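>>> Here's my sequence, what's the structure:
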Amino acid sequence: MPFIINTPSFSPLVQTPQYPWDTQTQGWLLGAFFFGYLCTQIPGGYLAGHYGGSVFLGLGVLGTAALTLLTPLAAQMGSYWLFALRAMEGFGEVRVCVCVCVCVSVLSRKSEVQCCVCSQVSV
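Coordinates of the predicted model:
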């Protein structure tokens, strides 16, 4: 016969922060990442090709991860701070896609580069 212990059930209430942002502000905050992503496509590709894709790939992932940890603090400080942080995350994240293409083009055979890059873009 199994033991049944009568214990009160604890269900802690988890409060998620609510911010007074209208839908237009939310749209700007979500689009800030892609603003930063768009602005650094060509410079990121040039730098990755010049200095090496693996260095920029590591720095991009590490920088974006560090900035993501600051998101709750920036949200508490206001929407302008969060917009700037999200744009900086986009600046760092563009390196990932660009650097993968550079690394593939360097590490694969010349006859396979077009196939590898096209498969990366289609994913």
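>>> show me what contacts Arg86?
Arg86 is in contact with 29-30, 32-33, 36, counting by Cβ atoms under 8 Å, 6 or more residues apart in numbering. From N, CA and C alone the C-beta is placed, and that goes for glycine too.
>>> Out of these, which end up buried?
Among the contacts of Arg86, the ones that count as buried by 16 or more other Cβ atoms under 10 Å are 29, 32-33, 36.
>>> Could I get these in TSV, plus columns for pLDDT?
Shown next, in TSV, are the buried ones among the contacts of Arg86 (pLDDT from 0 to 100):
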residue	pLDDT
Leu29	91
Ala32	92
Phe33	88
Gly36	83
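>>> And these, which is closest to Phe83?
Ala32 (4.6 Å; Cβ to Cβ).
>>> out of everything not next to it in sequence, what's closest to that closest one?
What sits nearest to Ala32 in space, not counting adjacent residues and going by Cβ to Cβ, 6 or more residues apart in numbering, is Arg86, at 3.7 Å.
>>> Name the helix or strand for that neighbour, please.
helix 79-107 (DSSP states H and E).
>>> Return the distance of that helix from the chain's centre.
Relative to the centre of its chain, helix 79-107 is centred 7 Å away, using Cα atoms, centre = their mean, to the nearest Å.
>>> got it, and stretch 42-57?
That offset, for stretch 42-57, works out to 17 Å (Cα atoms, centre = their mean).
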